[in-house]
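Q: only the shape, not the letters, is given here:
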């Protein structure tokens, strides 16, 4: 307003429409960027129109005359879609802010999410993400689950395609964790941690994977020659452990749990944002022959390239791989701090 005359000089609308009465995310209601067509609103992302949430029974996008979706009950498909839609919009913000990536396929696109899979599972198959239910028939569209499935899509749309030799599930877990941390939700919602599926309680026994201590759920903390032929979810153990040590270290100061190492070493983490950035840039180097051994080399090269002349991150990446028993490779780069230590292209 003009202080002298009282005339209104400018107004700005601050009521942001698009509400989700979600089950897993909050505080509620969460904001959803929906698409309006005529008098209807739909769970279609206006910035990424290939990304929408649908009923798996008929592949129809959830559409209403009011811009509010869900009733807070996790057994409702519409609520499941409100959660999932919120999840991908948070993940998209994380990809842009942390990694400078243009959505899931790298070109501003993604896939429909379909809630209603009649299975204790969720999956990505190259054309869609299907979301199933837990033993209480609640749809499992939490931040880390939906972030994980879209992590498979990111893996699929970086060089070399889906990672192999037992690495594909740990790759996706990295994106699930990063999405959860970027959202930074308070309790009792999906708070930042390094557990996978702890809120959705898939089979009634809590999380399905533990990144700081995989062995707590029967997975290996340390790499050995059997890992490439192990069931892919169990094979994620050493990679998840490596990522935790890189991000948080052995004795975190942010309230996260302590983590042991396979060689008795002590590590100071670089933070999850920096760890995710290093890992994503390593993914941009991958080939169809990806493996734990090659991820060691690629992540070392990525850390060196991202901080030329400073070997702190490089040394932490190396120490974390050593700490989960992934051995040194002949192609591993070296790093010497100093102004002459320029970027390396691998």
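A: That came through fine. Source: prediction; values computed, not measured.
Q: ok, now how distant is residue 135 from residue 79?
A: Residue 135 sits 18 Å away from residue 79, going by Cβ to Cβ, to the nearest Å. No exception for glycine: its C-beta is placed from N, CA and C like everyone else's.
Q: mind listing the helices for this structure?
A: 77-99, 143-156, 168-183, 237-248, 272-283, 292-306, 312-323 (DSSP state H).
Q: would you tell me which of those helices gets closest to residue 202?
A: Among the helices of the chain, the nearest to residue 202 by Cβ to Cβ is helix 143-156 (8.7 Å).
Q: what's the angle from the closest one to helix 77-99?
A: 60 degrees (axes from the mean of the first three to the mean of the last three Cα atoms, to 10 degrees).
Q: by how many degrees do helix 143-156 and helix 272-283 diverge?
A: Comparing the axes of helix 143-156 and helix 272-283 via the same axes, to 10 degrees yields an angle of 30 degrees.
Q: for helix 143-156, what is the distance to the chain centroid?
A: 6 Å (Cα atoms, centre = their mean, to the nearest Å).
Q: ok and that helix relative to helix 168-183, angle-wise?
A: Relative orientation of helix 143-156 and helix 168-183, computed by the same axes, to 10 degrees: 130 degrees.
Q: circling back: format the helices of the chain as TSV; extra columns: mean neighbour count.
A: Formatted as TSV, those follow (neighbours: other Cβ atoms under 10 Å):
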stretch	mean neighbour count
helix 77-99	24
helix 143-156	26
helix 168-183	26
helix 237-248	28
helix 272-283	22
helix 292-306	23
helix 312-323	22
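Q: wait, which of those is closest to residue 331?
A: helix 292-306 (4.8 Å).
Q: what packs against the closest one?
A: Contact partners of helix 292-306 among helices and strands, from 3 or more Cβ pairs under 8 Å, 6 or more residues apart in numbering; DSSP states H and E: helix 237-248, helix 272-283, helix 312-323.
Q: identify whichever of those lies nearest to residue 95.
A: With Cβ to Cβ as the criterion, residue 95 lies closest to helix 272-283 of the helices and strands packed on helix 292-306, at 8.7 Å.
Q: now for the closest one, which elements pack on it?
A: helix 77-99, helix 168-183, helix 237-248, helix 292-306, helix 312-323.
Q: can you put the helices of the chain in TSV and add distance to residue 41 and mean pLDDT?
A: What follows is the helices of the chain, written out as TSV (distance: least, Cβ to Cβ, whole Å; pLDDT from 0 to 100):
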stretch	distance to residue 41	mean pLDDT
helix 77-99	12	98
helix 143-156	21	98
helix 168-183	23	98
helix 237-248	38	98
helix 272-283	33	98
helix 292-306	41	98
helix 312-323	44	98
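Q: can these go into a markdown table with extra columns for distance to residue 211?
A: Formatted as a markdown table, the helices of the chain follow (distance: least, Cβ to Cβ, whole Å):
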| stretch | distance to residue 211 |
| --- | --- |
| helix 77-99 | 17 |
| helix 143-156 | 10 |
| helix 168-183 | 7 |
| helix 237-248 | 4 |
| helix 272-283 | 11 |
| helix 292-306 | 15 |
| helix 312-323 | 12 |
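Q: before we move on, the earlier item: residue 33 is nearest to which of the helices and strands packed on helix 272-283?
A: Once the helices and strands packed on helix 272-283 are compared by Cβ to Cβ, helix 77-99 is nearest, at 6.0 Å.
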